[in-house]
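Participant: Provided below are the primary sequence and the corresponding predicted coordinates.
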Number of protein chains: 4
Amino acid sequence: MNSFGTIFRVEIFGESHGKQVGVVIDGCPSGIALDEQDFMEDLQRRRSGKIGTTPRIEADLPHIVSGVFDGKTCGTPITILFDNTNTKSGDYANLMDHPRPGHADYTGMVKYSGYNDPRGGGHFSGRITLGIVAAGVIAKKIISPISVSAELTSVGGRTDIQECIKEVMAEKDSVGGMVACTCKNVPVGLGEPFFDSIESQISHIIFSIPAIKSIEFGSGIAAASMRGSEHNDMIVDSDGTTKTNYAGGINGGITNGNDIEFRVAVKPTASIAKPQDTYNFASGAVEPLEIVGRHDACIAVRVPVIVECATAIVLADCMLRAQ
Amino acid sequence: MNSFGTIFRVEIFGESHGKQVGVVIDGCPSGIALDEQDFMEDLQRRRSGKIGTTPRIEADLPHIVSGVFDGKTCGTPITILFDNTNTKSGDYANLMDHPRPGHADYTGMVKYSGYNDPRGGGHFSGRITLGIVAAGVIAKKIISPISVSAELTSVGGRTDIQECIKEVMAEKDSVGGMVACTCKNVPVGLGEPFFDSIESQISHIIFSIPAIKSIEFGSGIAAASMRGSEHNDMIVDSDGTTKTNYAGGINGGITNGNDIEFRVAVKPTASIAKPQDTYNFASGAVEPLEIVGRHDACIAVRVPVIVECATAIVLADCMLRAQ
Amino acid sequence: MNSFGTIFRVEIFGESHGKQVGVVIDGCPSGIALDEQDFMEDLQRRRSGKIGTTPRIEADLPHIVSGVFDGKTCGTPITILFDNTNTKSGDYANLMDHPRPGHADYTGMVKYSGYNDPRGGGHFSGRITLGIVAAGVIAKKIISPISVSAELTSVGGRTDIQECIKEVMAEKDSVGGMVACTCKNVPVGLGEPFFDSIESQISHIIFSIPAIKSIEFGSGIAAASMRGSEHNDMIVDSDGTTKTNYAGGINGGITNGNDIEFRVAVKPTASIAKPQDTYNFASGAVEPLEIVGRHDACIAVRVPVIVECATAIVLADCMLRAQ
Amino acid sequence: MNSFGTIFRVEIFGESHGKQVGVVIDGCPSGIALDEQDFMEDLQRRRSGKIGTTPRIEADLPHIVSGVFDGKTCGTPITILFDNTNTKSGDYANLMDHPRPGHADYTGMVKYSGYNDPRGGGHFSGRITLGIVAAGVIAKKIISPISVSAELTSVGGRTDIQECIKEVMAEKDSVGGMVACTCKNVPVGLGEPFFDSIESQISHIIFSIPAIKSIEFGSGIAAASMRGSEHNDMIVDSDGTTKTNYAGGINGGITNGNDIEFRVAVKPTASIAKPQDTYNFASGAVEPLEIVGRHDACIAVRVPVIVECATAIVLADCMLRAQ
């Protein structure tokens, strides 16, 4: 299913080289100021153009076609569309026979019995995350004064990030990175025990973002090596403030009023210019595959704003459920 | 919400010191052989009794009260109940004023305006995972021949696991651990792109298990330091078999036929015998808290079977949706 | 699926001659006074014992096993169980071969491939509506000061209801009836346009009650013969009060502040003492079937309280969503 | 919420005088032949142009922007858009102060705190049913060989339908009508007991269609006056065929293989040319309201195709769930 949320519901659709990609946001409260300009900053952060990103540049102009009247949300479903204009589908003709390693070419073909749109990754394209960003821009308005902020903290295990990317590009290769996210001004009491814990909901949507390989809350992996006496966050004040934040702002699935903190690992872009050996279903043999399209050398560069927006969607839904 | 799943739906309920805890499983196909004995092996694995686990020992006998007739599932909701018998509620009287650090005492109190059952952690108790294990036992039958297997791989960062736990217990402390899970014989094509990716669904339910702090699929955190030429799993055969498995068996959110592999970090049990300083809401000051109940020194010891069962629930739901 | 609702979620389970039937109510706010005595009045109204109802009499004592602490709801799932005690399963042995006309014997057998529990109708039994009544009792507390009131208005097309039932019983037959429901003190603005209109939600749950054949809101069927100038309810005051109430209290799927009014037709009980010709799958011929169990001559007598409770569930969910 | 369905999910959006209205259909199987021409027949049946329908004529051309590749469904979300072109918004400026009786002007204003789009009924417009028709066209392909057929059987209580409408139009009034729907070739076993009974699901979506006031399955209201010996449908063959069909093709919420039969009453269009007295919130008095827009004298004329499509959506979802 391509929808997420209980009250604030987000449905994304589209294919990389189809006519349009977009999103329907249902359950947004009425009366929120919203126009197309509001999306530009986060869309700009998601766009390519920076070092390490694809030379396919799309205008990514949002078209609001429903749910907004006279500059305010109506309370009815908001639909936002983006045109696909800069498409070069010829690049992808061969993928059905010789699927790219690390991509969804093979799994998509099996799941959809060969009927999925193979051009540019089709519905598996990172381009579909435009809808997550658009929904997140609205979610950020709903959750204010909660702020959500994500940033790229390392690439290829290094903090000289731009330098690392340049080296990788020179090698016609790609590289992964780490993204850290912090939510501030979070009220106590969002989330549910067990199945709808804040961690469950955030991880659910974060793993919807292509290329994410891990998520850690607070102490994360380090927790496995810690003692309880060290890991327990001592409460120091009547508002629940803790001295440390190994919990990542969450106890029992519920926000505790401290910052929500988590980190995600982003894998290296699967598409690389270097030829790679992989199975050719037409010939029945492992053969070199050369990918000639346009690609991001480090997709992690574009991930922080998507992580922010995805997280804001969860928090907006939790807040609207809790009211 | 305390339910999970689209077709194979699991609803858990109960409080640690209430009358019963249990689970309703809706959407289970009819005609599956099932009796109470079938649950005993996995329930036994979840029970305390091993080194590092709590001296509170419950019989944990499952009572099937609906959905099974003549030794077979009916296709109607299956309800399984467990009695709470070995409760010592006196231990917990003080927790509302002086909430335990690292627990949900404070967040639960705020979320439920002070009306939640505080005895033994109430609904936040790990005891509620009995329902996940019971549902998972049924799920394992549905997904056969897929197998799901999880094990404890380290405790406190060490592989001499029993030794480490003994040291920690001697210090009246607790310790975390790592659990690794592998699913074999997985067909190609389970899961959905984006919001219902296999990673999204598995991480959602895994973070429902108390004390989990991270999840990594395949390469996991290491992906952030890798190159694409290294990370891409070369396909070597017509069934989609890959040479390496950095993808963890998933591409584009869809299973690729290789093993699903993931690892989770379990934090040290929050309840420790050692006195801890923390805020007392009655006195308005940070004061030492001594926890006198019975606790697991290393809850990670009991987690593998819960991880298995939670994962089986996801796969059963995916399989029933895909049919 | 056996669950209903978005925020206030109700899951029912059980078989007529199984161990227990019951309900899990998730999403109930915390702090509502609740004990087992609160259910007795509505359960008593649902019980048999009146003229025209079955001689199978069950105690129908509710057992609250989770979600209530110290006489108040916790905010966590509330589970309520009812024992099945007065079962005579021998009566039903023959039904798999010779399914009763007007019952779910045949459809249940096909749907569940013969694995459903045939005793006493199994999961199709009206006994499962105990869970709807229990959930409705809680819902009524949530929606206060909205009141929901349903009554039997005719039986067999007659208003001398008891007289009609006695005649029918003398003939070893059964008879249908009409039930009317009114909700008072309804705020303006509950419900949603289109798919979650108040009519959609109410009709959805009302048709969950066995034996309901129709539902009409406000003018109902008569609307098909009316003119707009006659049917339009003139607004006469600033609180939205209308002069007439052909709308049944709903415009565009949303409550308009006037009473919600609807009526339902209840079919005659399918089980009758009179022998009936119907197909015998074992012999391959139409043959007389004699039903020797205990049955209601007019199930409509027991329906009003179930209609009330079902309606209250919808309104509670709408109110909790709207907050 | 503006979505419907479990596996075959339909999300509708748009406002009468906004840029576009449309629908996203998620969960449609891949490989179904589909192009824009396929929608034209049912869209044409829904369009105005016949006697008794509004002079506002829209081209209603469907634009498929996602989910279809090379003339076949991809298995990914299908988005279909319709432009709003023939809008005359000036007609509706006054409605916020002086809401039309029988419309959602007042309820929408309260629900959305005055932020909903008032032009042409905004999101409450019957125009939003274009999305239901578009989804239904696809659903009809999925459910084949099941056929769904609905027709107008009376208007204003009369069967000389065109004559009746002409009289009503001459009086500047509007009139209601009855629509009957029959589904043939239905397999045994679709639907669920209780909450997702076929009647529950069909009535849920049917009451999403504006102006519907009642629904009856099989015997319907007449059931309330019948005896069990008369109402029980005798099974006459091994495929479950019954001699009569008072059940309307459904027992215990499950299809029994006989035709599904139901009827709905459609109220007279609320907008009439005749002046009507109703409350003016600006002046605080009941005053005559003259509605000068373009309207259907008998909206029931356009309802049959919407009923068909809505029913097909339910059956498609049931079939995909049952597989």
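Facilitator: The structure has been received and is ready for your questions.
Participant: in the stretch 201-323 of chain A, what residue is nearest chain B?
Facilitator: Proximity of the stretch 201-323 of chain A to chain B (Cβ to the nearest Cβ) peaks at A:Gly252, 2.4 Å away. For glycine as for every other residue, the C-beta is placed from the backbone atoms N, C-alpha and C.
Participant: please apply the same query to the stretch 1-150 of chain A.
Facilitator: Closest residue of the stretch 1-150 of chain A to chain B, Cβ to the nearest Cβ: A:Ala104 (2.5 Å).
Participant: grab the nearest non-local neighbour of that residue.
Facilitator: Distance criterion Cβ to Cβ, 6 or more residues apart in numbering or on different chains; nearest residue to A:Ala104, sequence neighbours excluded, is B:Gly252 at 2.5 Å.
Participant: confidence score at the one you found?
Facilitator: The model reports B:Gly252 with a pLDDT of 97.
Participant: so it sits against A:Pro210, correct?
Facilitator: Yes: here B:Gly252 reaches A:Pro210: they are 7.1 Å apart, a contact under Cβ atoms under 8 Å.
Participant: can you list the residues of the stretch 151-300 of chain A near chain C?
Facilitator: For the stretch 151-300 of chain A, the residues in contact with chain C (Cβ under 8 Å from any Cβ of the partner chain) are A:Pro193.
Participant: apply 10 Å and report the result again.
Facilitator: A:192-194 (Cβ under 10 Å from any Cβ of the partner chain).
Participant: show me how to select, in ChimeraX, the buried members of those.
Facilitator: Applying 16 or more other Cβ atoms under 10 Å in any protein chain shown to those, the buried members can be selected in ChimeraX as follows:
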select /A:192,193,194
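Participant: burial count for A:Ser238?
Facilitator: A:Ser238 has 10 neighbours, counted by other Cβ atoms under 10 Å in any protein chain shown.
Participant: state the pLDDT value of it.
Facilitator: So A:Ser238 comes in at 95 (pLDDT).
Participant: quick one: contacts for it?
Facilitator: By Cβ atoms under 10 Å, 6 or more residues apart in numbering or on different chains, the contact set of A:Ser238 is B:279-281, B:284.
Participant: OK, contacts around the residue of the stretch 1-150 of chain A closest to chain B?
Facilitator: Here A:Ala104 is in contact with A:111, A:116, A:121-125, A:210, A:270, B:193, B:250-254, B:256 (criterion: Cβ under 10 Å, 6+ apart).
Participant: tell me which of those residues fall in helices.
Facilitator: Among the contacts of A:Ala104, DSSP state H puts A:Lys111 in helices.
Participant: what mean pLDDT does stretch A:24-35 have?
Facilitator: Per-residue scores along stretch A:24-35 average to 97.
Participant: same question for stretch A:315-323.
Facilitator: Stretch A:315-323 comes out at a mean pLDDT of 92.
Participant: all helices for chain A, in order.
Facilitator: A:40-46, A:105-111, A:129-143, A:161-170, A:198-206, A:228-231, A:303-322.
Participant: and the nearest residue to A:Lys267 once chain neighbours are set aside, what's its pLDDT?
Facilitator: Nearest non-adjacent residue to A:Lys267, counting by Cβ to Cβ, 6+ apart: B:Ala223, 4.0 Å away. pLDDT for B:Ala223: 98.
Participant: so how many other residues sit close to B:Ala223?
Facilitator: By other Cβ under 10 Å, neighbour count at B:Ala223 equals 29.
Participant: go ahead and confirm it touches A:Val179.
Facilitator: No: using Cβ atoms under 10 Å, B:Ala223 makes no contact with A:Val179, being 11.9 Å away.
Participant: contact partners for the residue nearest to A:Ala104?
Facilitator: Contact partners of B:Gly252, counting by Cβ under 10 Å, 6+ apart, are A:102-108, A:111, A:121-125, A:210, A:270, B:191-194, B:197-198.
Participant: quick revisit: identify the contacts common to B:Gly252 and A:Pro210.
Facilitator: With Cβ under 10 Å, 6+ apart as the test, B:Gly252 and A:Pro210 both reach A:103-104, A:121, A:124-125, A:270, B:193-194, B:197.
Participant: so which pair among those residues is furthest apart in space?
Facilitator: Across these, the longest distance by Cβ to Cβ is 16.5 Å; it joins A:Ala270 and B:Phe194.
Participant: quick revisit: mind picking the lowest-pLDDT entry from the shared contacts of B:Gly252 and A:Pro210?
Facilitator: Where pLDDT dips furthest among the shared contacts of B:Gly252 and A:Pro210: A:Gly121, at 90.
Participant: which ones are touching the nearest residue to it once chain neighbours are set aside?
Facilitator: With sequence-adjacent residues excluded and distances taken as Cβ to Cβ, 6+ apart, A:Gly121 is closest to A:Ser16, at 5.1 Å. By Cβ under 10 Å, 6+ apart, the contact set of A:Ser16 is A:56, A:84, A:87, A:89, A:92, A:117-128.
Participant: could you check how far A:Ser16 is from A:Arg294?
Facilitator: As judged by Cβ to Cβ, to the nearest Å, A:Ser16 and A:Arg294 stand 12 Å apart.
Participant: so what sits against both of those two?
Facilitator: A:56, A:120.
Participant: so what's the residue in the stretch 151-300 of chain A positioned nearest to chain D up against?
Facilitator: Nearest to chain D in the stretch 151-300 of chain A, going by Cβ to the nearest Cβ, is A:Ser208, at a distance of 13.9 Å. Shown in contact with A:Ser208 (Cβ under 10 Å, 6+ apart): A:2, A:4, A:10, A:12, A:128-129, A:132, A:306, A:310, A:313, B:192-197, B:199-200, B:253.
Participant: at 6 Å instead, please
Facilitator: The contact partners of A:Ser208, by Cβ atoms under 6 Å, 6 or more residues apart in numbering or on different chains, come to B:194-195, B:197, B:200.
Participant: can you put the residues you listed in TSV and add distance to chain D?
Facilitator: Output for those, formatted as TSV (distance: Cβ to the nearest Cβ, whole Å):
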residue	distance to chain D
B:Phe194	10
B:Phe195	10
B:Ser197	14
B:Ser200	15
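Participant: in JSON lines, list the residues you listed along with distance to A:Ser238.
Facilitator: Shown next, in JSON lines, are the contacts of A:Ser208 (distance: Cβ to Cβ, whole Å):
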{"residue": "B:Phe194", "distance to A:Ser238": "42"}
{"residue": "B:Phe195", "distance to A:Ser238": "39"}
{"residue": "B:Ser197", "distance to A:Ser238": "41"}
{"residue": "B:Ser200", "distance to A:Ser238": "37"}
